[in-house]
Structure formats: C-alpha cells, structure tokens
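Enquirer: next comes the sequence, and after it the predicted model I'd like to discuss.
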Amino acid sequence: MSSDRVLPDKKLFDILEQGFRQIENSAAIVGGFLMLAAMILTSTDALMRYLLNHPLSFAYYLTEKYLLVGFMTLPMAWGFREGGYIRLMLIAGLPKRIVAIIIRSGLLVSAIYIATLAWLSGRNFWHIYMRGDVQMGVIDWPVAWSWVWVPLGLGILSIRLLFSVFGKTGMSDMPNLGEEETLCR
C-alpha cells in the first residue's frame, strides 16, 4: 500500500494538511471558548436565580441556540483527527490492503455525506439570514446566527475526512493498518 502513489505531490499534500490543522485547531479553540462561555453563563444564571432571585432572562436561549451548537460542531474535525470516533474492529483480521480499502471507502462516503449536510445547512443559514428571521422574546434573537456554526463545523469535518481518505488513515489502533499507511507515499 505504501508504494501506491495517488497524489502527485506528497509535499504539497503535507503542506495543505498542516495548514488545515491550523484551521481545525482554531475551530476547536473557538468551540472551547463557547463552552466556557456557556458554563459561566449557566453558573451565573443559577447563582443569580437562587441567591438574588434575579435570573438572567437571556441565558437559556443564548446557551441553547447559539453557544451549545457552536461548541458541539466546531471541534468535530479536531476530535476526529485526534481519534475521537467509534472504531469497529470487525475488519481488523482481514488483509491490510482490504482493510485500507474498506476504511478509505467509508471515509469517502462519510465525507460526501457530511459535505452534503454542510451545504444544506449553509443554504438554510443563508435563506434565514436573507429573510431576517428573529425569535421574539425579551430579546429579539436573529435566528440565522444560531445556524452559522453547523455549516462551518460540518464543512471543516468533511475536509478532514477527505484528508484522511488520501493521507494517513488515523487508524493506528487497527492491528493490520498502522499510522504509516498512506495513499500518498
């Protein structure tokens, strides 16, 4: 498998992949800050509700519709890259070449599916943004900005899955498919 050369220039692939890692890391950091903001906001709301009998009226909606969506979707590509996925070891006993084909086929299908979800959610974001939808309440919340995280996070994940199809599989825990197995060497 390591003698197969799918990509014309492995150096270019590695440079692109390294650059993309920076995007993934940045998205994960933003997701972490959104999680921190959600925790602080929820804790502050609870303290104000029970100690001062004066809750933050906007906290629940902001946390549920904006912060939660962002901190769940933005770090997904980083999580996948770091091994945060479910491993099915049923194919581990097959020959290395067959395992690689199965894994890469699954990654490609997953990348296409996630990219489709990113496109559809991005289109939905754009339609809502152009209509100027708001959720009325104590504060009039712009609905579109609660959708922006979904196409961003899924788009980054679909690109990571494509990098995994043509680069390192990230499946070093599979007995027959070590981390050194790539399609571009």
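Expert: Everything's here; your move.

Enquirer: for the rest of this, base every contact and every neighbour count on C-alpha atoms.
Expert: OK.

Enquirer: report the contact partners of the residue most central in space within the chain.
Expert: With distances taken as CA atoms, centre = their mean, residue 76 lies nearest the centre of the chain, 2.6 Å away. Going by CA atoms under 8 Å, 6 or more residues apart in numbering, residue 76 touches 28, 153, 154, 157.

Enquirer: can you put the residues you listed in TSV and add distance to residue 15?
Expert: Below are these laid out as TSV (distance: CA to CA, whole Å):
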residue	distance to residue 15
28	20
153	22
154	22
157	18
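
Enquirer: buried ones among the residues you listed?
Expert: Neighbour-count burial (16 or more other CA atoms under 10 Å) is assigned, among the contacts of residue 76, to 28, 153, 154, 157.

Enquirer: coming back round to it: ok, so of the contacts of residue 76, who is nearest residue 114?
Expert: residue 154 (6.1 Å; CA to CA).

Enquirer: what helix or strand is the closest one located in?
Expert: helix 149-166 (DSSP states H and E).

Enquirer: let's see that helix as CSV, backbone CA atoms only.
Expert: Output in CSV follows, covering the C-alpha atoms of helix 149-166 (Å, rounded to 0.1, in the frame of the first residue of the first chain):
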residue,chain,number,x,y,z
TRP,A,149,-22.0,27.0,13.4
VAL,A,150,-23.4,24.0,11.7
PRO,A,151,-22.2,24.5,8.1
LEU,A,152,-18.8,25.7,9.5
GLY,A,153,-18.2,22.7,11.7
LEU,A,154,-19.5,20.2,9.2
GLY,A,155,-17.6,21.8,6.4
ILE,A,156,-14.3,21.5,8.3
LEU,A,157,-15.1,17.9,9.3
SER,A,158,-15.8,16.9,5.6
ILE,A,159,-12.5,18.4,4.6
ARG,A,160,-10.7,16.5,7.4
LEU,A,161,-12.4,13.3,6.2
LEU,A,162,-11.1,13.9,2.7
PHE,A,163,-7.6,14.4,4.0
SER,A,164,-8.0,11.1,5.8
VAL,A,165,-9.0,9.4,2.6
PHE,A,166,-5.8,10.4,0.8
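
Enquirer: so what secondary structure elements neighbour that helix?
Expert: With contacts defined as 3 or more CA pairs under 8 Å, 6 or more residues apart in numbering; DSSP states H and E, helix 149-166 has these neighbours: helix 10-51, helix 68-73, helix 76-81, helix 96-131.

Enquirer: for residue 162, find the nearest of the ones you listed.
Expert: The nearest among those, by CA to CA, is helix 96-131 at 6.0 Å.
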